[in-house]
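Undergrad: give me the fold of what follows.
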Amino acid sequence: MFNTEGWIITLLLIGFTAMRSWIIYYIAYQSTDARILFLMMLVFIVIDCYHVLFNSRVERLGKTRIPLMRNVIDTNFIVGFLFYLIFIN
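TA: Numbers count the residues shown, from 1 in each chain. Purely as a prediction, here's the structure:
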């Protein structure tokens, strides 16, 4: 059986999360120099690390809504940031 509580899986999940959204927020911060984006990125890093470290069991993953909310927030942010880059900047 596949061990879902190992450190390798935890590191892979954190790495995937970093590639998925943290880099997008960092690029937005670098292009706009808005400190609020940097603070948002730090808050999301803490939320994602909490989710990966404390909700790694399959039973808990079915009960948590953190990934759904993060995906909704990321989608809205990406659409808003693209709108900003295309029409405002």
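
Undergrad: now do the contacts for the spatially most central residue of the chain.
TA: In the chain, the residue lying closest to the centroid (C-alpha atoms, centre = their mean) is residue 21, at 4.4 Å. With contact taken as C-beta atoms under 8 Å, 6 or more residues apart in numbering, residue 21 is in contact with 44, 48, 70, 74. Every C-beta, even on glycine, is put in place using the N, C-alpha and C of the backbone.

Undergrad: what is the burial count for residue 51?
TA: 19 (other C-beta atoms under 10 Å).

Undergrad: please disregard the earlier target; I meant residue 25.
TA: Using other C-beta under 10 Å as the criterion, the residues surrounding residue 25 number 21.

Undergrad: secondary structure element holding it?
TA: Residue 25 is part of helix 23-32, with elements assigned from DSSP states H and E.

Undergrad: just checking, what packs against that helix?
TA: Helix 23-32 sits against helix 35-54, helix 66-83, with contacts defined as 3 or more C-beta pairs under 8 Å, 6 or more residues apart in numbering; DSSP states H and E.

Undergrad: and these, which is most packed in?
TA: Neighbour counts (mean count of other C-beta atoms under 10 Å) averaged over each of the helices and strands packed on helix 23-32 peak at helix 35-54, with a mean of 14.
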